[in-house]
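Asker: Curious how this folds, go ahead:
(chains A, B, C and D)
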2 protein chains.
Amino acid sequence: MDRRGHTSEDLTSLIREEILKEELRPGSKLTEQQLSSRFEVSRTPVREAIGRLEAEGLVETIPNRGAFVVGLSAVDTADLFEIRKHYEVITARNAAERADKVDFERLDESMEFMRHYTERGDLRRMKRINRDFHEALYAAAKSRLLLVSIRRVNIYLKLSVHTKDYRREHLTEILSEHERVYRAVKKRDPEKAAMAMYEHIANMSRRALKKQ
Amino acid sequence: MDRRGHTSEDLTSLIREEILKEELRPGSKLTEQQLSSRFEVSRTPVREAIGRLEAEGLVETIPNRGAFVVGLSAVDTADLFEIRKHYEVITARNAAERADKVDFERLDESMEFMRHYTERGDLRRMKRINRDFHEALYAAAKSRLLLVSIRRVNIYLKLSVHTKDYRREHLTEILSEHERVYRAVKKRDPEKAAMAMYEHIANMSRRALKKQ
DNA sequence: GTTTCAGCGATTGTATACAATTGTATCATA
DNA sequence: TATGATACAATTGTATACAATCGCTGAAAC
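Answerer: Okay, the predicted model is just below:
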């Protein structure tokens, strides 16, 4: 294999993915030696990977006992949705205040693609563009710490809930909600942007929960 | 010295504190060997500490180059206040929904002390009781993930900004705000609790900024 | 039969040794 | 003198060795 100094980083991604896919079940123990022999590396990068995952909140370590895959209760998941909602709202508000030329270009582009894919009913690409749009907002908000937190929450949600939040019949609805956020940011109206985002996220939750 | 297995954890706190107090300036490089000799430990726990701080967003590492202090900008601090406000609001809402008998007893006790110290004008003890009250709310909210985040934010704020947020002339005001939150939680009125907390935090900011 | 505690195995935590990478300084050459 | 290549020093990344800790087992005492 061709590992050039990135072992630790790669390992983090690998283990994270296994946790997200529930191949490593919540509650199960992460033994350093097991992982190191499985991935054919020493314990050192394994420890670093586990450390990162712990900071991300995907695993929990008990001193001198080991690391355990963290499981989320229903309450935890509900909290996460709530937390993310507020993160997104703050982000939208800050984006409206702080977006610069580059951010606007990125947002413009995202919206262009989104309109296009909505028209074509391309669900898969819409999902990706949706992420791009929100990422563009995060960037525009220029809140470094918020970014770290929101990324973590998104990881948690990806881990805990398997939503079919995108349905074809909702595409135009979603588009128009995004448009509203977009226009508010563009007009540099922080409160309007915050409000629009609040409603968008609330609607997303409603749509996700509609029929499971 | 008496270091029993907690070296890495302690190191993280020590370095974090130095960064937040700007004893380690933003942009400066964190050399592993320097830190390890300064704290008289090996490079291993130093690396783990740096890894954690990187995950927190306080340092940034460039592969094969090293770790650099990022620190908190003015914008970061403003964001932290905003983030904390929302954390406290969510906490209050959840506390109103989820508090059990033990939580109520703890809240009752906090409020009792608070009334007492307000009457006596004991600033120092009020500050401590204030923390207790909020901690009791965190516990009542039963949001594990929120707790982790809010603790971190509080540490950041405590170490990075030096506010004189408590003045004697504000004590009764603060007390009555707390009473409102308390009563809403006690009545299990989540929205009222959230609202009361929102105003309380907003007022705290206003008071803190009043005359610096 | 139950309880307690000592010893052992397994695992984590830390230190050190080694490999790989990067940046710099030196020297040769155009 | 400027430029580029190469050797070297410094530093990070990884592996391994050693120490400390925890939980379990099993035997002895009651």
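Asker: so for stretch A:146-160, what's the average pLDDT?
Answerer: Averaged across stretch A:146-160, pLDDT comes to 85.
Asker: Is that stretch in proximity to chain B?
Answerer: Yes. Under the criterion of Cβ under 8 Å from any Cβ of the partner chain, chain B is reached by stretch A:146-160 at A:146-149, A:156. C-beta here means a position set from N, CA and C on the backbone, and glycine is covered the same way.
Asker: Now render those as JSON lines, adding distance to residue B:92 and secondary structure.
Answerer: JSON lines is the format used below for the residues of stretch A:146-160 next to chain B (distance: Cβ to Cβ, whole Å; DSSP: H, G, I helix; E, B strand; the rest coil):
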{"residue": "A:146", "distance to residue B:92": "21", "secondary structure": "helix"}
{"residue": "A:147", "distance to residue B:92": "26", "secondary structure": "helix"}
{"residue": "A:148", "distance to residue B:92": "24", "secondary structure": "helix"}
{"residue": "A:149", "distance to residue B:92": "19", "secondary structure": "helix"}
{"residue": "A:156", "distance to residue B:92": "22", "secondary structure": "helix"}
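Asker: Identify, from the residues you listed, the entry nearest to residue A:180.
Answerer: residue A:146 (21.4 Å; Cβ to Cβ).
Asker: Please list all residues in contact with that closest one.
Answerer: Residue A:146 makes contact with A:87, A:90-91, A:94, A:138, B:79, B:83, according to Cβ atoms under 8 Å, 6 or more residues apart in numbering or on different chains.
Asker: Selection in PyMOL covering whichever of the residues you listed are buried, please.
Answerer: Here is the PyMOL selection string for the buried members of these, based on 16 or more other Cβ atoms under 10 Å in any protein chain shown:
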select buried, (chain A and resi 87+90+91+94+138) or (chain B and resi 79+83)
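Asker: Kindly indicate which of the contacts of residue A:146 lies nearest DNA strand D.
Answerer: Nearest to DNA strand D among the contacts of residue A:146: residue A:138, at 25.4 Å, using Cβ to the nearest atom of the strand.
Asker: Tell me the pLDDT of the closest one.
Answerer: 96.
Asker: How about residue A:130?
Answerer: At residue A:130, pLDDT is 92.
Asker: which of the residues in the helix or strand hosting it are buried?
Answerer: Residue A:130 is located in helix A:123-141, with elements delineated by DSSP states H and E. For helix A:123-141, a neighbour-count test (16+ other Cβ under 10 Å) marks A:126, A:129-130, A:132-141 as buried.
Asker: Tell me the one of the residues you listed nearest chain B?
Answerer: Set against chain B, the nearest of the buried residues of helix A:123-141 by Cβ to the nearest Cβ is residue A:141 (8.5 Å).
Asker: okay but the closest one is in contact with residue A:94, surely?
Answerer: Yes. In this structure residue A:141 lies within contact range of residue A:94 using Cβ atoms under 8 Å: 3.8 Å.
Asker: The longest helix belonging to chain A near chain B at all?
Answerer: Using DSSP state H, we find that the single longest helix of chain A is helix A:74-98. Yes. Shown here: helix A:74-98 in contact with chain B (Cβ under 8 Å from any Cβ) through A:75-76, A:79-80, A:82-83, A:86, A:90, A:94.
Asker: And for the residue of chain A found nearest chain B, the neighbour number?
Answerer: Across chain A, the shortest distance to chain B (Cβ to the nearest Cβ) belongs to residue A:55, at 3.2 Å. Residues lying near residue A:55 (other Cβ atoms under 10 Å in any protein chain shown) number 19.
Asker: gap between it and residue B:32?
Answerer: According to Cβ to Cβ, to the nearest Å, residue A:55 and residue B:32 sit 18 Å apart.
Asker: distance of the residue of chain A most remote from its centre from DNA strand D?
Answerer: Going by Cα atoms, centre = their mean, the residue of chain A most distant from its centre is residue A:64, 31.3 Å out. Applying Cβ to the nearest atom of the strand, to the nearest Å, the value for residue A:64 to DNA strand D is 4 Å.
Asker: Quick check: phi and psi on that residue?
Answerer: phi 60, psi 10 (degrees, to the nearest 10).
Asker: coming back round to it: buried ones in the longest helix of chain A?
Answerer: A:75-77, A:79-96, A:98.
Asker: and if you look at stretch A:176-183?
Answerer: A:177-178, A:180-182.
Asker: so can I have JSON lines of those showing distance to residue A:38?
Answerer: Formatted as JSON lines, these follow (distance: Cβ to Cβ, whole Å):
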{"residue": "A:177", "distance to residue A:38": "44"}
{"residue": "A:178", "distance to residue A:38": "42"}
{"residue": "A:180", "distance to residue A:38": "48"}
{"residue": "A:181", "distance to residue A:38": "44"}
{"residue": "A:182", "distance to residue A:38": "46"}
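Asker: Can you flag which of the residues you listed belong to helices?
Answerer: Filtering the buried residues of stretch A:176-183 for helices - DSSP H - leaves A:177-178, A:180-182.
Asker: Need the residues of stretch A:146-160 next to chain B in JSON lines (columns: distance to DNA strand C).
Answerer: Shown next, in JSON lines, are these (distance: Cβ to the nearest atom of the strand, whole Å):
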{"residue": "A:146", "distance to DNA strand C": "30"}
{"residue": "A:147", "distance to DNA strand C": "25"}
{"residue": "A:148", "distance to DNA strand C": "23"}
{"residue": "A:149", "distance to DNA strand C": "25"}
{"residue": "A:156", "distance to DNA strand C": "23"}
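Asker: and the residues you listed, which are buried?
Answerer: Buried among the residues of stretch A:146-160 next to chain B by 16+ other Cβ under 10 Å: A:146-149, A:156.
Asker: contact partners of whichever strand or helix holds residue A:116?
Answerer: Here residue A:116 sits within helix A:101-120, counting by DSSP H and E. For helix A:101-120, the surrounding residues in contact (Cβ under 8 Å, 6+ apart) are A:95, A:99, A:125-126, A:129-130, A:132-133, A:136-137, A:139-140, A:171-172, A:174-175, A:178-179, A:182, A:185-186.
Asker: Lowest-scoring secondary structure element of chain A by mean pLDDT?
Answerer: Across the helices and strands of chain A, mean confidence by mean pLDDT, DSSP states H and E is lowest for helix A:7-20: a mean of 83.
Asker: Can you name every helix or strand that that helix contacts?
Answerer: In terms of contacts (3 or more Cβ pairs under 8 Å, 6 or more residues apart in numbering or on different chains; DSSP states H and E), helix A:7-20 is packed against helix A:43-56, helix A:144-160.
Asker: Might you enumerate the residues of chain A proximal to DNA strand C?
Answerer: A:4-5, A:29-33, A:43-44, A:47, A:61, A:63-67 (Cβ under 7 Å from any atom of the strand).
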